[in-house]
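Colleague: Return atomic coordinates for the entry below.
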Amino acid sequence: GAGANAVYVMVLQDGDDVAGIGGLMATAMNARGYAGAVIHGGVRDVAYIRKMGFPVYATGTVPSTSLGHYRATGNVPVTAGGVRVTPGDVIVADGDGVVVVPKEIAAEVLVRAQSLDQTEHSMYGYIEKLRSLQAAVKQFGRL
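Modeller: The predicted structure is shown next:
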């Protein structure tokens, strides 16, 4: 298994109507120190998982279990949603979606993301003051 703070990534072949994770599995992952799970397939027991506070990102919510629907392999590269995920890659997820950053360029991407984040946050006040998105784009050179 993976170490603490790892993100569990599961790809279910033809898994749109199968839950790759439910309350029991989420409880086990949480107890083992996983940071969260990304499932290319369904999730069930959503209310319980939310109450537990374990972050799960899935392609949908379904009532069925995955028992008998998949063969488990671990710590191998997978393709989820058309994106290659390799063990050790950095995964960031929130309400806007999931991003996978290859481990080889993670430090470079972090610096660039922090710079873009700083610029964007600087734009909020400027837009409110001038009441113009166009003026902010002209000032900061980006949207």
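
Colleague: Buried ones in stretch 31-51, by neighbour count?
Modeller: 34-46, 49 (16 or more other C-beta atoms under 10 Å). C-beta coordinates here come from the backbone N, C-alpha and C atoms, glycine included.

Colleague: Save those residues as CSV, and put in secondary structure too.
Modeller: Listed next are the buried residues of stretch 31-51 as CSV, based on DSSP: H, G, I helix; E, B strand; the rest coil:
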residue, secondary structure
34, coil
35, coil
36, strand
37, strand
38, strand
39, strand
40, strand
41, strand
42, strand
43, strand
44, coil
45, coil
46, helix
49, helix
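
Colleague: now those as TSV including distance to residue 135 and pLDDT?
Modeller: Formatted as TSV, the buried residues of stretch 31-51 follow (distance: C-beta to C-beta, whole Å; pLDDT from 0 to 100):
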residue	distance to residue 135	pLDDT
34	45	94
35	40	95
36	39	95
37	43	95
38	39	94
39	43	93
40	42	90
41	45	89
42	45	92
43	43	94
44	48	95
45	48	96
46	43	97
49	44	97
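
Colleague: out of those residues, who's nearest residue 10?
Modeller: For those, the minimum distance to residue 10 (C-beta to C-beta) is 4.9 Å, reached by residue 39.

Colleague: Now do residue 111: how many residues are near it, please.
Modeller: 10 (other C-beta atoms under 10 Å).
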